[in-house]
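*Asks:* Build me a model from this:
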Amino acid sequence: KTTTKKTTKKQKVDDEELSFDSDAAVELFLPGQRYPTPIVGDATRTFYETLLKEKPSSQMAEKWCLEYGIFTADKATGIFKKLEKLKGRASSTPKKAKK
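*Replies:* Down below sits the predicted model:
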């Protein structure tokens, strides 16, 4: 016994609207963003946003907020450049010799 599922025009349109284009999603990411932006009620997001408000010089908070797309586009670009510069400086520092 063979059964066929009838689909209506409305269902076909919904399926097309739900199709996911990964290339388009990557374009929505901000400079330096690696992960999708968490919802506002996320505990980790709240922690890093609060840390950044209390201590604006926190590189750890800046990096997390940058990687998760919390900043505006302009601020993300500036912090991305700042962190890239720091990353380049950190990799060029000489290491201590082992005894």
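*Asks:* CA only for contacts and neighbour counts going forward, please
*Replies:* Noted.
*Asks:* quick one: low-confidence parts of this protein?
*Replies:* Along the chain, segments meeting pLDDT under 70 span 1-27, 90-99.
*Asks:* Do you have the helices of it handy? List them.
*Replies:* Assigned by DSSP state H, the helices in the chain fall at 9-18, 22-27, 43-54, 59-67, 73-91.
*Asks:* Would you mark the buried spots in the longest one?
*Replies:* It stands for helix 73-91. Going by neighbour count (16 or more other Cα atoms under 10 Å), the buried part of helix 73-91 is A76, I79, F80, L83.
*Asks:* ok, the closest residue to the third one other than its chain neighbours - contacts?
*Replies:* What sits nearest to F80 in space, not counting adjacent residues and going by Cα to Cα, 6 or more residues apart in numbering, is G32, at 5.7 Å. Residues touching G32, when contacts are defined by Cα atoms under 8 Å, 6 or more residues apart in numbering, comprise L66, E67, A76, T77, F80.
*Asks:* Confirm for me that the last one is in contact with E67.
*Replies:* No - contact between F80 and E67 fails when scored by Cα atoms under 8 Å: they sit 9.3 Å apart.
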